[in-house]
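> What follows is a protein structure lacking sequence information:
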């Protein structure tokens, strides 16, 4: 055996002894780290088990609400955050918006049961990379997480359809278009719903309701609830 052959054999023995190979190193680099955010423990357990049983993923932790998600994201720095939207411990949209404001590296993939305009549009506007419904097949979820980690947008067919419809929706004459959330707040105002009741209905704070009202007043060019409703009917936004 030549000196070169002896050296090569020794290197191979070292690799076996260490339990590592070049292929293993590549695989480790490709592992996508995940933070699971959902207020239901059963859902979190199910998602953790699903991802931990699949190659190429590592679940770093869990959170039960938006506020906790922000703390865990800062501490763990996951590649992808699986984010539910309506949670008692802080909404997913608010958490996404704050992560975007902070310039967080993590990509957010919304995983929820809600696909209404009032949920999808604010989440995307806040900075979510993708939006998937919880009835998505297991393989579709894995594909979506991989895509999100690469910065690519993945939307469920139902959500994609809603976004297209929203883009084609008529704009308010002479002003900015109302967001999906602003239209929903306006519809509740038209029904005589108080700020407190609107907050409870939409799972947001009263302060957030007031902010939405201020924004839609400005867009409609009005100063109060009654004028906002009248103007909205006149422009065909309501009714």
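Right, received. Where do you want to start? Keep in mind that what you see is a predicted model, and the values were worked out from it rather than measured.

> May I see the buried residues of whichever strand or helix holds residue 99?
Using DSSP states H and E, residue 99 sits in helix 92-102. Neighbour-count burial for helix 92-102 flags 92-99 (criterion: 16 or more other CB atoms under 10 Å). Every residue, glycine included, has its C-beta placed from N, CA and C.

> try stretch 203-211
Neighbour-count burial for stretch 203-211 [16+ other CB under 10 Å]: 203-204, 208-209.

> From these, pick the one nearest residue 229.
residue 209 (15.2 Å; CB to CB).

> Tell me the secondary structure at that closest one.
The three-state assignment at residue 209 reads helix, by DSSP: H, G, I helix; E, B strand; the rest coil.

> can you pull the contacts of it?
Applying CB atoms under 8 Å, 6 or more residues apart in numbering to residue 209 gives the contacts 185, 195, 198-199, 202.

> Please repeat the previous calculation with a cut-off of 7 Å.
Neighbour list for residue 209: 185, 195, 198-199 [criterion: CB atoms under 7 Å, 6 or more residues apart in numbering].

> packing partners for the helix holding residue 99?
helix 66-76, strand 80-83, strand 107-112, helix 117-126 (3 or more CB pairs under 7 Å, 6 or more residues apart in numbering; DSSP states H and E).

> winner for burial among those?
strand 80-83 (a mean of 28; mean count of other CB atoms under 10 Å).

> ok, and what's touching that strand?
With CB under 7 Å, 6+ apart as the test, strand 80-83 has contacts from 32, 34-37, 47, 69, 73, 92, 95-96, 106-111, 145, 148-149.

> So in that sheet, which strands flank it, and in what orientation?
strand 32-37 (parallel), strand 107-112 (parallel) (DSSP bridges).

> looking at those, which is closest to residue 137?
Comparing the strands paired with strand 80-83 by CB to CB, strand 107-112 comes nearest, at 12.8 Å.

> can you list contacts of that closest one?
Contacts for strand 107-112 (CB under 7 Å, 6+ apart): 79-85, 92, 96, 99, 119, 123, 127-134, 144-145, 148-149, 151.

> and it, how far out from the chain's middle?
3 Å (CA atoms, centre = their mean, to the nearest Å).

> Tabulate the strands paired with strand 80-83 (a markdown table), appending mean pLDDT.
Conversion of these to a markdown table gives the following (pLDDT from 0 to 100):
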| stretch | mean pLDDT |
| --- | --- |
| strand 32-37 | 98 |
| strand 107-112 | 96 |
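
> Nearest to residue 56, out of these?
strand 32-37 (6.2 Å).

> Just the angle for that closest one relative to helix 92-102, thanks.
130 degrees (axes from the mean of the first three to the mean of the last three CA atoms, to 10 degrees).

> Now do strand 32-37: distance to the chain's middle.
That offset, for strand 32-37, works out to 12 Å (CA atoms, centre = their mean).

> Next, the angle from that strand to helix 66-76.
Going by the same axes, to 10 degrees, strand 32-37 makes 160 degrees with helix 66-76.

> ok, residues contacting strand 32-37?
Under the contact criterion CB under 7 Å, 6+ apart, strand 32-37 has outside partners 44, 47-48, 51, 56-63, 69, 72-73, 76, 78-84, 92, 145-146, 149.

> same thing but 6 Å
Strand 32-37 is contacted from outside by 44, 47, 51, 57-63, 69, 72, 76, 78-84, 149, using CB atoms under 6 Å, 6 or more residues apart in numbering.

> The protein: helices as residue ranges?
3-18, 22-30, 41-52, 66-76, 92-102, 117-126, 138-149, 157-168, 180-190, 195-202, 206-220, 225-234 (DSSP state H).

> Many thanks, we can stop here.
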